[in-house]
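Trainee: Would you be able to build a 3D model of this:
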Amino acid sequence: MHTAGGRGETPPPCPAPAMKPLHRSALFAALLASAAACENGTTAARPPAQLTIVSGDGQEGVVGQELRQPLVVRVMDGKGRPVAGQRVSFRVTGGGGSVSAGEAVSDRDGVAQERWTLGTVAADSQRVEASAMDAEPGQAIAAAVFRASGQAAAAATIAPVQAQAAGKPGIALADPVAAVVHDAYGNPVPGTTVTWTVTSGGGSASPATSVSDALGVARTGWVLGSNLAAAHTLQASVGGSLTTSFTATAALGTGATVATLSGSGQTGPVNFEMPQPLVAEVRQNGVPVQGVPVQWTATSGTLSELAGGAALTDAQGRTSVRWTPTSQFVRGVHTATAQVQGVGTATFTGTVTAGPPTGIRTLGIAGPLPTRGQQYIGRRFPGQTFPQRFLVQNAYGPAEGVTVRFTSSLGSVEPATATTDSAGIAGTAWTFPHGLNVLVVPGERPVVAVLTATAAEGGVSNYAEADVHPPADRVILHPAAQTVAPDLWATYNASLENVLGTRIDVQAYPLCRIVWSGPPAVQLSPYPATEYYPLVNVRSGTPGTYTLTAACEPGGPTGTATLTVQ
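Mentor: From the prediction side, this is the model:
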């Protein structure tokens, strides 16, 4: 039971009406009058003195929604007794929002109530003032203030605190990635679970889920993928329907390295591809990085499998090229490099050797003959042996220690193989067989013999070619006869011919030499032989006819002429 005035006094109940015998209609009118008189006698006539909050203060609710409990006040007079019929005004004074009717009239217990819909600001600044109004001037006589705290509504949006980031591939970003969750009114929503998913570029997010704090912010760590060329994106989502994305740029930085993995220290011949590829590796803080442009260069030769001299690292952080040294002027150690801009250089070394022979030249007696095509070395005859030399060269010059194999289309060679000396020269002796005249048909050209020299390593070869003529089968004297006075000189010459009728160079013919002879009465004075003709001067002081002989010795044909002195 409500206490009045705060003194514990209980107002006397209204006296029951005297129960006199009345007519039914008169009795009903009397009861109504008695009830009205009781109410007017206990409250309506009392002016309101105070307004107290009964319930509904200090509530928490979702912004934009009506509070669960109504706002309830009690109007009392100066003695603490409830005042019925009093008009009470409810007015929003902070935080926005609205009340249902704006005012209410107190009941017999002095109680008035109203409904309160909170404003859209999530804060504890929501206020509603309840005032007991003076009936005449409409001024507030007593007032009370209700307070409420607005809580954010359900998550409606999610957005990045900072949408773009930059970091190192394979390494966590220096600062966590943050997303903020808001409700439909823009209030941050705490306690919301945010799921983090890497959508491109590889890498990972840790933790995979996080809960928004009092400011609506959820955070996670982002480890970027190891592909430098890829687009790196991360998605934050709430409930699968609200999403936002982050992008990051990966770049090498402190802790990045480029190193030789394999292929350094090889040995190979010039103009030939090295046996193994050159492999470089790029890492960032120990993590292999893909998509890094690597610039390859070499002090000599070519590097294959490149596009404009640059290559991108693969998923293992590696890039490789094939190296073919081509410089023929520098033998020894050459270098190739793999450079990453802003990181450093990996250096590969390779020892370049001369390599296999690249050519053979036929050498004549006085020096080299032409280096291409047929190497004609002159006329040769059966039974003749002569030396033949060949110069073997590699990329750097004369090739020492190369095995050369000799073969002949006619005759024999000794030795059949030889090793080049420090000057790159190897030689053999070429011998033609006897009896070649049986292979020759009169009117046809001489037999052509070919001596071929082949370098076993490298397979290059060259050859020498000679015309092999049949041996001389007759000696012809010119003139065949002369007449002179006593003691005057006469000149004769002799020439050699073979079965083909070919005149033979007397000086170069190795099988015989011309020897002149005559009777004792004849004086002979031979001259040095010219190319084809050995000459002799002849005289006699005794008249007569004499026979002169020119013989191809030893054991060759002879020819005769006559000298008449008169």
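
Trainee: tell me the helices in the chain, going along the chain?
Mentor: In the chain, the segments counted as helices under DSSP state H are 24-39.

Trainee: Under the pLDDT cut-off, which ranges of it? List them.
Mentor: For the chain, residues meeting the criterion pLDDT under 70 lie at 1-45, 135-138, 307, 328-330, 364-379, 434-446.

Trainee: Tell me which residue is most central in it.
Mentor: residue 312 (0.9 Å; Cα atoms, centre = their mean).

Trainee: where's that one relative to residue 251, distance?
Mentor: Relative to residue 251, residue 312 is positioned 15 Å away (Cβ to Cβ, to the nearest Å). Every residue, glycine included, has its C-beta placed from N, CA and C.

Trainee: now do residue 171
Mentor: 11 Å.

Trainee: Likewise for residue 319?
Mentor: 18 Å.

Trainee: Over to residue 490?
Mentor: Residue 490 sits 107 Å away from residue 251, going by Cβ to Cβ.

Trainee: Contacts only, for residue 420.
Mentor: 392, 398-402, 404, 426 (Cβ atoms under 8 Å, 6 or more residues apart in numbering).

Trainee: Compare neighbour counts for residue 490 and residue 251 and give me the winner.
Mentor: The neighbour count for residue 490 versus residue 251, taken as other Cβ atoms under 10 Å, is higher for residue 490 (21 against 15).

Trainee: In this model residue 484 seems to touch that one, though I could be wrong.
Mentor: Yes. Shown here, residue 490 and residue 484 form a contact pair, counting by Cβ atoms under 8 Å, at 4.8 Å.

Trainee: what residues are shared contacts of the two?
Mentor: With Cβ under 8 Å, 6+ apart, residue 490 and residue 484 have common neighbours 539, 563.

Trainee: for residue 363, which residues make a bridge with it?
Mentor: Taking DSSP bridges as the rule, residue 363 bridges to residue 368, residue 389.

Trainee: How much space separates it from residue 510?
Mentor: For residue 363, the distance to residue 510 - Cβ to Cβ - is 20 Å.

Trainee: Look at those two and report which has more neighbours.
Mentor: Between residue 363 and residue 510, counted using other Cβ under 10 Å, the more crowded position is residue 363 (19 against 12).

Trainee: and the residue lying closest to residue 323 once chain neighbours are set aside, how many neighbours?
Mentor: Closest residue in space to residue 323, ignoring its immediate chain neighbours: residue 274 at 4.7 Å, by Cβ to Cβ, 6 or more residues apart in numbering. By the measure other Cβ under 10 Å, the count of residues near residue 274 is 23.

Trainee: One more: residue 541?
Mentor: Neighbour tally, residue 541, other Cβ under 10 Å: 12.

Trainee: same thing with residue 217?
Mentor: 17.

Trainee: Identify the residues contacting it.
Mentor: Residue 217 touches 161, 178-181, 188, counting by Cβ under 8 Å, 6+ apart.

Trainee: Equivalent analysis for residue 454, please.
Mentor: 360, 404-405, 407, 460-461 are the contacts of residue 454 under Cβ under 8 Å, 6+ apart.

Trainee: mind redoing it with 10 Å?
Mentor: 357, 360, 390, 403-407, 417, 460-463 (Cβ atoms under 10 Å, 6 or more residues apart in numbering).

Trainee: Equivalent analysis for residue 472, please.
Mentor: 381, 495-499, 502-504, 506, 509, 511-512, 552, 556-557.

Trainee: Highest neighbour count among those?
Mentor: residue 496 (27 neighbours).

Trainee: does it have beta-bridge partners, and which?
Mentor: Taking DSSP bridges as the rule, residue 496 bridges to residue 475, residue 504.

Trainee: What ranges does the stretch 51-200 of the chain have for its strands?
Mentor: Here the stretch 51-200 of the chain has its strands, by DSSP state E, counting those that start in this stretch, at 59-62, 71-76, 87-94, 98-99, 103-105, 111-114, 116-117, 126-133, 140-151, 155-160, 164-167, 177-183, 193-200.

Trainee: Of those strands, flag the one that's most buried.
Mentor: The highest mean neighbour count among these, using mean count of other Cβ atoms under 10 Å, belongs to strand 71-76: a mean of 25.

Trainee: Name the residues linked to residue 288 by a beta bridge.
Mentor: Assigned bridge partners for residue 288, using DSSP bridges, are residue 283.

Trainee: what's near enough to touch it?
Mentor: 169-170, 226, 281-282, 313-318.

Trainee: swap in residue 113?
Mentor: 54-56, 69-74, 88, 90, 100-101, 104, 106-107, 130.

Trainee: Apply 6 Å and report the result again.
Mentor: 70, 72 (Cβ atoms under 6 Å, 6 or more residues apart in numbering).

Trainee: Check residue 349 too.
Mentor: 264-265, 333, 335.

Trainee: Got a ChimeraX select line for the buried ones in those?
Mentor: The buried residues among the contacts of residue 349 can be selected in ChimeraX (16 or more other Cβ atoms under 10 Å) with this line:
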select :264
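
Trainee: closest to residue 290 among the contacts of residue 349?
Mentor: Taking Cβ to Cβ as the measure, residue 290 lies nearest residue 264 of those, at 22.6 Å.

Trainee: what's the closest one in contact with, if anything?
Mentor: Counting by Cβ under 6 Å, 6+ apart, residue 264 has contacts 348-349.
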